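*Asks:* need a structure here:
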Amino acid sequence: MDDRELTALAAAFQRGDEGSFKLLVDALTRTLIAMAYRYIGDWEWARDLTQETWIRVYDRIRRYDPARSFRAWVLAVHRNGCLSHLRRAWVRQETTPGDEVIKELPIAHHGRNPEEDLERSEFHRRLLVALGELSESQRLVFVRVDLEQEDQKEVAQDLGIKPATLRATLHFARKRLASVLRQSEESQ
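*Replies:* All right, here's what the predicted structure looks like:
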């Protein structure tokens, strides 16, 4: 579904058409789950965060401005929910029953190198921890530009900052992340 159709459905939902909400959920849920997974690295949490986003959207639909893209609005609501989740201290420390057993299981390689899978998984974990070391603006810019690969000009416009400010923020975020990741690697 394109942005125009999503925006029309959102406007209909604002007017009380509950069926439009279901269509919006059907159209965007897979995208939101995939986005949350990129942040969190856990499918269960990704689904939970997506449900929380839809609850927020349902409760706050009156705040949505139909003159703007509904997709962009939902993605911003979802991104904020994912980042809030990552900031919670207990998330970084949480383990679920069986985590240790799962770590011990051999990884099916399906044509890939299991050592590379392990390294990638470890880097992902360290990156999530390192993201917690960035300022809010650095984290937001880094995630949107480098992880979500959004256009820098669009991100700057969406955040209400100059493109030069965005580039500087991104530069310092990358520099800080590199430093934190280097320190975590040296301490291992």
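*Asks:* Where does pLDDT dip in the chain?
*Replies:* For the chain, applying pLDDT under 70 flags the ranges 89-114, 116-118, 120, 188.
*Asks:* Show me the domain layout of it.
*Replies:* 1-94, 100-188 (automatic domain parsing).
*Asks:* Comparing those domains, which comes out most buried?
*Replies:* Comparing these by mean neighbour count (mean count of other Cβ atoms under 10 Å), domain 1-94 ranks first with a mean of 16. The C-beta positions use only the backbone N, C-alpha and C, and glycine is treated the same way.
*Asks:* gap between that domain and the chain center?
*Replies:* 11 Å (Cα atoms, centre = their mean, to the nearest Å).
*Asks:* can you give me the helices in the protein?
*Replies:* With DSSP state H, the ranges of helices along the chain come out as 3-14, 18-40, 43-60, 70-87, 89-93, 99-104, 114-131, 136-142, 152-159, 163-186.
*Asks:* list the helices and strands the longest one packs on?
*Replies:* Packing contacts for helix 163-186, counted by 3 or more Cβ pairs under 8 Å, 6 or more residues apart in numbering; DSSP states H and E, involve helix 114-131, helix 136-142, helix 152-159.
*Asks:* Just tell me which of these ends up closest to Leu170.
*Replies:* With Cβ to Cβ, the closest approach to Leu170 among the helices and strands packed on helix 163-186 belongs to helix 136-142: 5.1 Å.
*Asks:* In CSV, list the C-alpha atoms belonging to the closest one.
*Replies:* What follows is helix 136-142, C-alpha atoms only, in CSV (Å, rounded to 0.1, in the frame of the first residue of the first chain):
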residue,chain,number,x,y,z
GLU,A,136,19.6,10.8,22.5
SER,A,137,20.2,12.9,19.4
GLN,A,138,23.4,10.9,18.4
ARG,A,139,21.5,7.6,18.8
LEU,A,140,18.5,8.8,16.9
VAL,A,141,20.6,10.1,14.0
PHE,A,142,22.9,7.1,13.9
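*Asks:* ok, the closest residue to Val141 other than its chain neighbours - contacts?
*Replies:* The spatial neighbour of Val141 that comes closest, neighbours along the chain excluded (Cβ to Cβ, 6 or more residues apart in numbering), is Thr169 at 4.7 Å. By Cβ atoms under 8 Å, 6 or more residues apart in numbering, Thr169 lies in contact with Ser137, Gln138, Val141, Ile161.
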